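> When you get a sec, could you give me coordinates for this:
(2 chains)
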Amino acid sequence: QKEVEQDPGPLSVPEGAIVSLNCTYSNSAFQYFMWYRQYSRKGPELLMYTYSSGNKEDGRFTAQVDKSSKYISLFIRDSQPSDSATYLCAPRSSASKIIFGSGTRLSIRP
Amino acid sequence: EAQVTQNPRYLITVTGKKLTVTCSQNMNHEYMSWYRQDPGLGLRQIYYSMNVEVTDKGDVPEGYKVSRKEKRNFPLILESPSPNQTSLYFCASSRDQNYGYTFGSGTRLTVV
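Residues are numbered from 1 along each chain as shown, chains lettered A, B, ... in the order given. Down below sits the predicted model:
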């Protein structure tokens, strides 16, 4: 079993929709949770960084962590065509390096 | 502009011909790392460096070498490339491994 699992997609939604991207993990020691966004032919860029369970909001983006079920979510409100990218979840523990999921490809239709 | 710069962006080479991919960062970051990205496998760490002259293996170090003689530079060396090293390579840096990474734009390597 992989330490981090993501549905690869592609996920296609109309512009303006709410997008939910999800990730599950197996290591209960993970405490820090990141989301990276990767555009085609570019390197990943850090989008959200959260610690422990709960929600964190930044503009149209909300990161949610449920440690009891080992489930991480990223919500995008009022989605835009510029949000079309691959989204990587990336948890880590205090003692380990970051583990990257293989990513979910998202396409926003104008 | 704060950035990680990799060169070259694209490289096609033949099996066994030594090559170096350069990586440089201008943010005075202590931590640097190399990843390869393959379809379905995600980002896998090759090597990392906590500081100058300190390097360590990641998950997939076989066939690669690195050096960290200066804080800003972290080249990736393939002494004898093989076709299974065909991949998309990313260099990344961070204040330390507890923080998020800044990635370069990637190097697409093809070994024939």
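> Strands of the chain, start to end?
Chain wasn't specified; assuming chain A. For chain A, applying DSSP state E gives strands covering A:4-5, A:11-14, A:19-25, A:32-38, A:45-51, A:54-58, A:61-66, A:71-76, A:85-92, A:104-109.
> wrong one, I was asking about chain B
B:4-7, B:10-13, B:19-25, B:31-38, B:42-51, B:54-57, B:65-66, B:76-78, B:87-94, B:102-103, B:107-111.
> so what strands line up beside the second one?
The one in question is strand B:10-13. According to DSSP bridges, strand B:10-13 has the following sheet partners: strand B:107-111 (parallel).
> what's the answer for the fifth one, then?
When sheet partners are counted by DSSP bridges, strand B:42-51 sits next to strand B:31-38 (antiparallel), strand B:54-57 (antiparallel).
> Around chain A, pick out the residues from chain B.
Residues of chain B lying close to chain A (CB under 8 Å from any CB of the partner chain) are B:4, B:35, B:40-43, B:45, B:48, B:58, B:90, B:92, B:97-98, B:100-106. Using the backbone N, CA and C atoms, a C-beta is placed for each residue, glycine as well.
> The closest residue to B:Tyr10 other than its chain neighbours - how many residues pack around it?
In this structure, B:Tyr10 finds its nearest non-sequential neighbour in B:Arg108, 5.1 Å apart by CB to CB, 6 or more residues apart in numbering or on different chains. Counted with other CB atoms under 10 Å in any protein chain shown, the neighbours of B:Arg108 add up to 15.
> what's the answer for A:Glu5, then?
Applying other CB under 10 Å, I find that A:Glu5 has 16 neighbouring residues.
> In JSON lines, list the strands of chain B along with mean pLDDT.
As requested, the strands of chain B are exported to JSON lines (pLDDT from 0 to 100):
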{"stretch": "strand B:4-7", "mean pLDDT": "97"}
{"stretch": "strand B:10-13", "mean pLDDT": "97"}
{"stretch": "strand B:19-25", "mean pLDDT": "98"}
{"stretch": "strand B:31-38", "mean pLDDT": "94"}
{"stretch": "strand B:42-51", "mean pLDDT": "92"}
{"stretch": "strand B:54-57", "mean pLDDT": "93"}
{"stretch": "strand B:65-66", "mean pLDDT": "98"}
{"stretch": "strand B:76-78", "mean pLDDT": "98"}
{"stretch": "strand B:87-94", "mean pLDDT": "96"}
{"stretch": "strand B:102-103", "mean pLDDT": "95"}
{"stretch": "strand B:107-111", "mean pLDDT": "98"}
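> how far away is the residue most central in space within chain B from A:Val65?
In chain B, the centroid-proximal residue (CA atoms, centre = their mean) is B:Trp34; its distance is 3.1 Å. Per CB to CB, to the nearest Å, B:Trp34 is found 28 Å from A:Val65.
> same deal with A:Glu5?
15 Å.
> How about B:Val21?
As judged by CB to CB, B:Val21 and A:Val65 stand 35 Å apart.
> Looking at those two, which has the bigger crowd around it?
Applying other CB under 10 Å to B:Val21 and A:Val65 shows that A:Val65 carries more neighbours, namely 23 against 20.
> I'd assumed A:Thr50 was in contact with that one.
Yes - between A:Val65 and A:Thr50 there is a contact at 5.7 Å, judged by CB atoms under 8 Å.
> Spell out which parts of chain A neighbour chain B.
So far as CB under 8 Å from any CB goes, chain A lies against chain B at A:4, A:8, A:32, A:34, A:36, A:41-46, A:49, A:88, A:94, A:97-98, A:100-103.
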